[in-house]
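Undergrad: Can you look at this prediction? I've put the sequence above it.
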Amino acid sequence: MSNKSAAFLPIGIGAGVAIGTALGVAMDNLALGLSLGVAIGSGLGVALMGAGNLKAQKDKKAADGSPMMSDGGVSTSADSHCAPSTDCGGADGGGGGGD
């Protein structure tokens with residue numbers, strides 16, 4: 001299995017470090033600029049990875065011909081074959097609450 005979206009994290013961190021260095025020099029506080037740059041770049045990289053994975057899933061589903069669920073494939077209580085008044089093993093989405 002090939003994971004082509006794995007390169008987004010280092011790209012995001014690299015862009016963040018570059019922007020953070022520029023901001024740090026401009027603010028005369030390089031440590032703060034680099035710290036903010038790495039944090040923002042990591043978030044950017046993770047967001048790009050998520051977007052890439054979502055696009056790959058949509059492309060895969062389109063190639064398979066199976067319908068793409070809007071909730072990412074998570075089944076809901078409307079999808080289950082369980083009566084509303086019965087206990088379906090915690091599949092109601094609310095959990096057991098410790099009972």
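TA: Structure received.
Undergrad: any idea where the helices of this structure begin and end?
TA: Listed in chain order, the helices found in the chain under DSSP state H are 8-27, 30-64.
Undergrad: Now do the last one against helix 8-27, angle only.
TA: What separates the directions of helix 30-64 and helix 8-27 is an angle of 150 degrees, with axes from the mean of the first three to the mean of the last three C-alpha atoms, to 10 degrees.
Undergrad: which residues does Leu44 contact?
TA: If a contact means C-beta atoms under 8 Å, 6 or more residues apart in numbering, then Leu44 has 12, 15-16 as its contacts. Every residue, glycine included, has its C-beta placed from N, CA and C.
Undergrad: From Ala56, how far off is it?
TA: Counting by C-beta to C-beta, to the nearest Å, the gap from Leu44 to Ala56 is 19 Å.
Undergrad: related to what we said a few turns ago, rank the helices of the chain by pLDDT, which is bottom?
TA: With a mean of 87, helix 30-64 has the lowest mean pLDDT of the helices of the chain.
Undergrad: can you pull the buried residues of that helix?
TA: Residues of helix 30-64 classed as buried: 33-34, 36-38, 40-41, 44-45, 48-49, 52 (neighbour count, 16 or more other C-beta atoms under 10 Å).
Undergrad: what's the answer for stretch 11-20, then?
TA: 12-13, 16-17, 19-20.
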